[in-house]
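Peer 1: predicted structure and sequence below. I'll ask about it afterward.
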Amino acid sequence: MFSAVARRLGTFGALALGALTLTVLGGCALKHPTANLVMGKVLFSSACGTCHTLSHAGTTGTIGPNLDDAFRQDRVDGVKSTSIEGLVSYWIQYPSKQGAMPAGLYTGQRAQDVAAYVAAVAAVPGQDTGALATAGGVKGTTAAAGKMVFTGIGGCGGCHVLAAAASTGTVGPNLDTRLRADCASPASKPLRGATLQQCLRTAIVKPYAYLPSGYAAGIMPANFAQKLTPSEITALVNFLSTAAK
Ligand code: HEC
Ligand code: HEC
């Protein structure tokens, strides 16, 4: 199996290789020497985890490659973390045109923080410890905490429009325009509960119990009951029941 670094460089042809190796593998890492890994993890969970599995971050997306698998051979080959960081940073700016990854999800320092976090943990056995272990997690069940779950570890904004969270995902229903009406519909009530709060809780932990018209099962992750804590789910319900227009 080729390493992710070798595969990416291969797509540019041998002539460009020398110059590219410098840009891809050295440039970015040198420009921003002080990456914040905790911020990187939060940002990764929020914008990348929907599509990518990365064991340390607890994300399970399957639209893009599993990033532990992608960098496993590079670790075996002894590729330095700074090189992996440069590659990830390059991917964030210039994803391959054939793929489904949007370009420029993050720029500048934020891109660097994400790249540094991925480089620190991809294909590394074990779990995050210390400040990293709780990064992305929130305390309490207030609507404000729920907003952090929505934009952070829940990765909800990648798929749902919600003005109160400034999110623009279009994979799932627009929560501003659809949520209240869908939950109030006679077909939804027996399956997701009569109140907006009950409907929200069911929609989050058992997403295919009722499918809003125009949407199919199997897209919204069905593992939020395992991935999020009970208070994070309650916080989401409190946030969404007040935030949805
Ligand atoms: C909408 C889904 C989606 C999102 C969001 C997304 N990616 Fe990707 N990503 C992909 C796909 C699909 C590919 C494979 C593209 C290809 O090979 O043509 C990919 C490829 C990659 C690769 C190369 C892996 C390899 O095997 O060489 C890296 C690194 C990567 N993404 C990192 C990120 C990071 C970091 C973020 C967040 C800033 C992110 N991705 C967000 C879908 C996504
Ligand atoms: C990968 C995309 C994706 C992610 C991530 C995602 N959803 Fe969804 N969501 C969907 C899709 C598709 C549907 C419609 C089909 C269904 O209900 O399963 C949906 C349905 C919903 C509904 C019901 C909306 C209605 O009009 O009835 C709610 C509420 C919801 N999601 C909330 C969330 C929350 C909260 C999160 C984060 C914890 C989240 N979603 C994460 C794709 C996603």
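Peer 2: Received the coordinates, thanks. Ligands and ions are numbered 1, 2, ... in the order given.

Peer 1: contacts and neighbour counts: CA atoms only from here.
Peer 2: OK.

Peer 1: what about residue 96, which SS state?
Peer 2: What DSSP: H, G, I helix; E, B strand; the rest coil gives for residue 96 is coil.

Peer 1: retrieve the pLDDT associated with the residue nearest to the spatial centre of the chain.
Peer 2: By CA atoms, centre = their mean, the mean C-alpha position of the chain lies nearest to residue 49, the distance being 2.5 Å. In this model, residue 49 is scored at 83, pLDDT.

Peer 1: ditto for residue 128
Peer 2: 84.

Peer 1: so is stretch 129-142 next to ligand 2?
Peer 2: No - taking CA under 6 Å from any ligand atom as the criterion, stretch 129-142 and ligand 2 are apart, separated by no less than 12.5 Å.

Peer 1: for that stretch, how far is the first residue from the last?
Peer 2: Start-to-end span of stretch 129-142 (CA to CA, to the nearest Å) is 26 Å.

Peer 1: outside of it itself, list whatever touches it.
Peer 2: 37-39, 41-42, 45, 127, 145, 148-149, 152-153, 231-232, 234-236, 238-239 (CA atoms under 8 Å, 6 or more residues apart in numbering).

Peer 1: tell me which helix or strand of this protein sits lowest on mean pLDDT?
Peer 2: When each helix and strand of the chain is scored by mean pLDDT, DSSP states H and E, helix 17-22 comes last, with a mean of 37.

Peer 1: now do the strands in the protein.
Peer 2: 53-54, 59-60, 161-162, 167-168 (DSSP state E).

Peer 1: of those strands, which approaches residue 181 most closely?
Peer 2: Smallest distance to residue 181 across these (CA to CA): 14.9 Å, for strand 161-162.

Peer 1: quick one: strands adjacent to the closest one?
Peer 2: Using DSSP bridges, strand 161-162 pairs in its sheet with strand 167-168 (antiparallel).

Peer 1: near ligand 2 at all, the strand it pairs with?
Peer 2: No - contact of strand 167-168 with ligand 2 is not found when judged by CA under 6 Å from any ligand atom; the minimum separation is 11.5 Å.

Peer 1: and that strand, how far from the chain's centre?
Peer 2: Taking CA atoms, centre = their mean, to the nearest Å, one finds strand 167-168 lying 13 Å from the centre of the chain it belongs to.

Peer 1: report the mean per-residue pLDDT for it.
Peer 2: 88.

Peer 1: does ligand 1 sit close to it?
Peer 2: No - Strand 167-168 is not in contact with ligand 1 by CA under 6 Å from any ligand atom; minimum separation 12.2 Å.

Peer 1: can you give the contact residues for that strand?
Peer 2: 151, 157, 158, 159, 160, 161, 162.

Peer 1: of those - the most surrounded one?
Peer 2: Counting neighbours by other CA atoms under 10 Å, the top entry in the contacts of strand 167-168 is residue 157, with 25 neighbours.

Peer 1: still on that earlier bit, isn't the residue nearest to the centre of the chain right up against residue 65?
Peer 2: No - using CA atoms under 8 Å, residue 49 is not in contact with residue 65, being 10.9 Å away.

Peer 1: what's the neighbour count on residue 106?
Peer 2: Residue 106 has 17 nearby residues by other CA under 10 Å.

Peer 1: who touches it in this structure?
Peer 2: Residue 106 neighbours (CA under 8 Å, 6+ apart): 92, 93.

Peer 1: for it, grab phi and psi.
Peer 2: Geometry field for residue 106 lists phi and psi as phi -130, psi 150, criterion degrees, to the nearest 10.

Peer 1: who's the closest spatial neighbour of residue 160, skipping the chain neighbours?
Peer 2: residue 169 (4.4 Å; CA to CA, 6 or more residues apart in numbering).
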